[in-house]
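> sequence and predicted structure, then a few things I'm wondering about:
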Amino acid sequence: MDINLERLLKNVQKPGRYTGGEYNQIIKDKREVDVRVAFCFPDTYEIGMSNLGMRILYGVLNGIDGVWCERVFAPWPDMETQMRDNGIPLFALESGDPIRDFDIIAFSLGYELSYTNVLNILSLAGLEPRVSLRPENAPLIIAGGACCFNPEPMSDFIDLFVIGDGEEVVCELVDIFAASKQTGKSKAELLADASKIKGVYVPSLYEVSYNDDGTVKSILSECGAPLPVNKRIVNDLDNTYFPTSTIVPSTELVQDRVALELFRGCIRGCRFCHAGYVCRPLRQRSSDTLVRQGIQSLRSSGYDEISLLSLSTSDYTELFELCDGLLEWCEPRKISISLPSLRADNFKIELLERIQRVRKSGLTFAPEAGSQRMRDVINKNVTESDLLETCRIAFEGGWNGVKLYFMLGLPTETDEDVIAIADLSRAVLNTWKLHAKNKSRGVRITVSTSCFIPKPHTPFQWEAQITMDEYLRRVTLLREVLRTKAITYNWHSPEQGYIEAALSRGDRRMGTVIESAWKLGARLDSWSEFFSLDTWLEAFGKCGLDIDFYACRERNRDEVMPWSLVSTGVSEAHLLKEREAARECTLTPDCREKCSACGVCGNSKDWQITPISG
């Protein structure tokens, strides 16, 4: 370790965030490396190391001969101060080398409130955040992740975006980069070549114009770049790389356990769910593959817990076989299995009893709305009787705690729908009183609400977010009608959701706001202790942009969306049909029951539309 760095670590919290040297990290001989990649997660070590996508791509890239991928995380403010005061550039954990000397710097963008961290990381590396200000020999800056389905707000800072699954795309990008490096191609030539890869969006090859009212007028592509850019899909997950030699962290993580990905996509059609739409179609791993991967991961890491991950874990068709296969190995070793993302309409107490032989945990369900009308609006396909029957089974089985998650501000929501959340919560409490196996232990019912955020590529992308004042009014209403000691009510502050709504539905002009907010001190915005609404409002004001234009404005159905240059495979006609179904409180069956003809299963076909205009 560099002597200067060792000296600085004595002055910061959690120095293990910056030392590297973890078990199972990958070290290569720099003399045998042709392409060096700095994989940056724009948040702290304990958040980034919990991210399965980062672990997957870290392994994929390091599996390529001549390529060395190293990890980089955003420093905590105390470490940032030490680095800036002592002139130490941001470095990669494996080698300790400054990332400005790498060939490629890759970012994982999983949530909008990490955007200012991207700029801060580039600045700490000694690089200009803006593409237009970086020299020709600067590293290639790329990004992928869920937020890239609307890449426009970050297009001023990123050379190219990966849209969709990244395992195959990153290998193709590295091949093109290595060839360009060998032949001496310019960065412009490299980007033109990269744009021909399916799933790659290069902002510099597209021109956006605006109407007088601030809406997007047209989007044009140049140099034969595709329009729209179709997302990349990995179809065969059984034969796709999965990290079984997982890195054992040097400090405690947020999700400190083995994570096993069951499937991608979702059969449900919840109309508010961004992930449910952009991750279509459903692709699942076999239980045999998952049992093998799970056991290998546990053996290589020494963890005593494994979590089964997906958007809706109880929809996995081989769940009983998977749990039985894992338990045969895990139970004698006192290794527990956690099963998040359960649905109230297909809950099986036998399954939960099996997986909780080692350690019993609480139950969590997300009805999302209190009234059946609202659940029909959002296509949740869960009834009150489903939830109460599930709770009855659980309480009879010895469970005394349940967490319930709801959203406030969903389209067409009324005060009666808000009050219905309290009614449903009390019905759960009454179910415990009637059926609890052990009433002497008491009951723990926790109700949590967050503010609904209309997301791109969903049927609700045209809707307006309610104002912060209106959200707090509904919180107050619910709190007043939910007065009982047996139920704990928590609500999320609307301030971060307000900024997230603006960023998630922003256009290219949002880049000036993000840069302005960063210069005003914004960073680590997903952490409540650092987030400042006033900073963001000042940034919008300085840039002459109205935040409500992006967050709280209902879109016209004919409006050109900034994200329309990206295709998820789901047709706009289907989204509009689902929006109308929501207004009529009409349910759409799940994909296994009946195909809704959303269009994504024809994803092998390329859609070409030139130009996009309103």
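Good, I have the coordinates. Quick caveat, the model's predicted, so the values are computed rather than measured. Numbering: from 1, shown residues only.

> from here on, just use CA atoms for contacts and neighbour counts.
OK.

> in stretch 419-429, which residues are buried?
Residues 419-429 are the ones in stretch 419-429 that count as buried (16 or more other C-alpha atoms under 10 Å).

> actually, stretch 79-86.
79-80, 82-83.

> what backbone torsions are found at the closest residue to residue 467 other than its chain neighbours?
Distance criterion C-alpha to C-alpha, 6 or more residues apart in numbering; nearest residue to residue 467, sequence neighbours excluded, is residue 552 at 6.7 Å. Main-chain dihedrals, residue 552, degrees, to the nearest 10: phi -120, psi 20.

> so residue 552 touches residue 470, yeah?
No: counting by C-alpha atoms under 8 Å, residue 552 stays clear of residue 470, with 11.4 Å between them.

> of the two, which one has the most company?
More crowded of residue 552 and residue 470, by other C-alpha atoms under 10 Å: residue 552, with 19 against 14.

> sec struct for the residue in the chain sticking out farthest from the centre, please.
Going by C-alpha atoms, centre = their mean, the residue of the chain most distant from its centre is residue 440, 40.3 Å out. Secondary structure, DSSP: H, G, I helix; E, B strand; the rest coil: residue 440 is helix.

> and if you look at the one 5 residues further on?
Put simply, residue 445 is strand when judged by three-state DSSP.

> run a quick neighbour tally on residue 130.
18.

> was I right to think it contacts residue 156?
Yes: contact between residue 130 and residue 156 holds when scored by C-alpha under 8 Å: they sit 5.6 Å apart.

> how about low-confidence regions in the protein?
Filtered on pLDDT under 70, the chain yields the residue ranges 1-3, 347, 356-361, 602-614.

> could you redo the last one with a cut-off of 80?
1-4, 340-362, 440, 602-614 (pLDDT under 80).

> longest helix of it?
helix 415-435 (DSSP state H).

> which residues touch it?
Helix 415-435 has contacts (C-alpha atoms under 8 Å, 6 or more residues apart in numbering) with 369-371, 374, 384, 388, 391-392, 395-396, 400, 404, 406, 408, 439, 443, 445, 447, 474, 477-478, 481-482, 486-487.

> and if you look at stretch 370-388?
268-272, 344-345, 367-369, 406, 411-413, 417-424, 427-428, 431, 581-588.

> among those residues, the buried ones, what's the ChimeraX command?
In ChimeraX, a selection of the buried entries from the contacts of stretch 370-388 looks like this (16+ other C-alpha under 10 Å):
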select :268,269,270,271,272,344,345,367,368,369,406,411,417,418,419,420,421,422,423,424,427,428,431,581,582,585,586,587,588
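
> the nearest residue to residue 319 once chain neighbours are set aside: how many residues sit nearby?
Of all residues not flanking residue 319 in the chain, residue 287 sits nearest, at 7.5 Å (C-alpha to C-alpha, 6+ apart). The tally of other residues near residue 287 (other C-alpha under 10 Å) stands at 22.

> so residue 287 sits against residue 321, correct?
Yes: the criterion here is C-alpha under 8 Å, and residue 287 meets it with residue 321 at 6.5 Å.

> secondary structure element holding residue 475?
Assigned by DSSP states H and E, residue 475 belongs to helix 468-481.

> list of residues touching that helix?
Helix 468-481 is contacted by residues 408-409, 415, 418-419, 421-422, 451, 489, 491, 494-495, 498 when judged by C-alpha under 8 Å, 6+ apart.

> after it, next one along is what?
Moving toward the C-terminus from helix 468-481, the next helix or strand (DSSP H and E) is strand 487-491.

> from the contact counts, what lies against that next one?
On a contact count with 3 or more C-alpha pairs under 8 Å, 6 or more residues apart in numbering; DSSP states H and E, strand 487-491 meets strand 444-451.

> and the strand it packs on, which strands flank it?
Strand 444-451 pairs in its sheet with strand 401-408 (parallel), strand 487-491 (parallel), by DSSP bridges.

> what's the domain layout of the protein?
For the chain, automatic domain parsing gives the domain ranges 3-201, 232-361.

> chain center to the last one: distance?
Relative to the chain's own centre, domain 232-361 is displaced by 17 Å; criterion: C-alpha atoms, centre = their mean, to the nearest Å.

> and the helices in the stretch 51-200 of the chain, which stretches?
Along the stretch 51-200 of the chain, the stretches classed as helices by DSSP state H, counting those that start in this stretch are 52-62, 77-86, 115-124, 167-183, 187-194.

> buried set for the shortest one?
Using 16+ other C-alpha under 10 Å as the burial criterion, the residues of helix 187-194 that qualify are 187, 190-192, 194.

> please apply the same query to stretch 471-490.
471-472, 474-475, 478-479, 482, 487, 489.

> residue 248: which of the residues you listed is nearest?
Nearest to residue 248 among the buried residues of stretch 471-490: residue 489, at 35.9 Å, using C-alpha to C-alpha.

> give the contact list for that closest one.
With C-alpha under 8 Å, 6+ apart, residue 489 has these contacts: 446-448, 479, 482.

> which one of those is nearest to residue 537?
Using C-alpha to C-alpha, residue 448 comes nearest to residue 537 of the contacts of residue 489, at 26.9 Å.

> count the residues that sit near that closest one.
17.

> who touches stretch 230-247?
Applying C-alpha under 8 Å, 6+ apart, the external contacts of stretch 230-247 come out as 22-25, 55-56, 59-60, 163-169, 198-199, 258, 263, 283-286, 289, 293-294, 296-297, 300-301, 566-569, 606-607.

> just the buried ones from those residues, in ChimeraX syntax?
A single ChimeraX command selects the buried members of the contacts of stretch 230-247 (16+ other C-alpha under 10 Å):
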select :25,55,56,59,60,163,164,165,166,167,168,169,198,199,258,263,283,284,285,286,293,294,297,301,566,567,568,569,606
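
> which of the contacts of stretch 230-247 fall in strands?
Counting by DSSP state E, these place 258, 263, 283-284, 566-567 in strands.

> now the helices of the stretch 51-200 of the chain in JSON lines, with distance to residue 97?
Putting these into JSON lines (distance: least, C-alpha to C-alpha, whole Å) gives the following:
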{"stretch": "helix 52-62", "distance to residue 97": "17"}
{"stretch": "helix 77-86", "distance to residue 97": "14"}
{"stretch": "helix 115-124", "distance to residue 97": "13"}
{"stretch": "helix 167-183", "distance to residue 97": "20"}
{"stretch": "helix 187-194", "distance to residue 97": "23"}
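
> ok, the residue nearest the centre of the chain to residue 143 distance?
With distances taken as C-alpha atoms, centre = their mean, the residue of the chain nearest its centroid is residue 110 (3.8 Å). Separation of residue 110 from residue 143 (C-alpha to C-alpha, to the nearest Å) stands at 10 Å.

> let me know how buried residue 462 is, in neighbour terms.
23.

> do the same with residue 600
18.

> next: residue 532.
17.

> phi, psi for it please.
Backbone torsions of residue 532, given as degrees, to the nearest 10, read phi -130, psi 110.

> show me what residue 259 is bridged to.
On the basis of DSSP bridges, residue 259 takes part in beta bridges with residue 307.

> wait, it sits on residue 308?
Yes: look at residue 259 against residue 308 with C-alpha under 8 Å: they come within range, at 6.3 Å.

> which residues touch residue 509?
residue 153.

> ok, it to residue 455 distance?
Taken as C-alpha to C-alpha, the span from residue 509 to residue 455 is 18 Å.

> now do residue 535
23 Å.

> so which of the two has more stuff around it?
residue 455 (23 against 17).

> and residue 445, how far from residue 398?
Here residue 445 is placed at a distance of 14 Å from residue 398 (C-alpha to C-alpha).

> neighbour count winner among the two?
residue 445 (23 against 14).

> which residues pair with the more buried one across the strands?
Under the criterion used (DSSP bridges), residue 445 bridges to residue 402, residue 487.

> ok, it touching residue 395?
No: counting by C-alpha under 8 Å, residue 445 does not reach residue 395; the two are 11.8 Å apart.
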